[in-house]
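In: Got a predicted structure here, sequence first:
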Amino acid sequence: MKEAIGTSMIFNLVMIFVGVFIALYVGSIAYSKGFKVRNRLIDIIEKYEKYNDLAKDEIEENLATIGYQIIDRECPDRPNAVKVDSKSDYRYCIYQYDTSKGDYYGVTVFIHFDLPLIGGFLEFPIYGETRVLFDKNEVEG
């Protein structure tokens with residue numbers, strides 16, 4: 001009874017822990033990339049003070065340089081929001097919210113995990129909002 005736990009059992013436990021740590025590491029890298037993409041999109045919309053053709057072109061260029069994944073799917077609906085121009089090769093969604101002070105935009109990007117058997121099912125949204133973008137015509141008048 002000196003060897004109550006066999007070598008194969010210890011080896012299996014070590015392999016399970018290594019697998020869990022690798023999964024956490026890959027997940028944290030993908031999640032940080034998703035936050036980076038979301039923050040860039042928010043910065044671009046705030047730079048142009050609305051989502052227009054110039055902002056869309058800059059967003060498309062940025063996503064191409066980052067290496068964001070091209071997936072063509074519909075954007076999910078959000079309450080009290082209007083989808084803004086969802087025609088893109090990239091998988092991101094922009095929503096416009098109207099308030100009495102001005103408009104603000106919500107941005108949803110998606111992180112994907114390409115695993116051989118379950119890769120198509122692992123998609124996680126990351127949502128963020130811009131600050132309220134005041135209408136300059138109403139402020140001056």
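Out: Cool, the structure landed. Residues are numbered from 1 along each chain as shown.
In: ok, longest helix in this structure?
Out: Across the chain, the longest stretch assigned as helix under DSSP state H is helix 7-48.
In: Pull the distance from that one to the chain's centre.
Out: When C-alpha coordinates are averaged (C-alpha atoms, centre = their mean, to the nearest Å), helix 7-48 and its chain have centres 13 Å apart.
In: list the buried ones in the helix or strand immediately after it in the chain?
Out: Downstream of helix 7-48, the first helix or strand assigned by DSSP states H and E is helix 53-66. Across helix 53-66, burial judged by 16 or more other C-beta atoms under 10 Å covers 55-56, 58-59, 62-63. C-beta here means a position set from N, CA and C on the backbone, and glycine is covered the same way.
In: Contacts only, for the spatially most central residue of the chain.
Out: For the chain, the residue nearest the mean C-alpha position is residue 109 (2.7 Å; C-alpha atoms, centre = their mean). Neighbour list for residue 109: 34, 37-38, 41, 68, 91-92, 125-126 [criterion: C-beta atoms under 8 Å, 6 or more residues apart in numbering].
In: Rank the helices and strands of the chain by mean pLDDT and give me the bottom one.
Out: Least confident helix or strand, the chain: helix 136-140 with a mean of 50, by mean pLDDT, DSSP states H and E.
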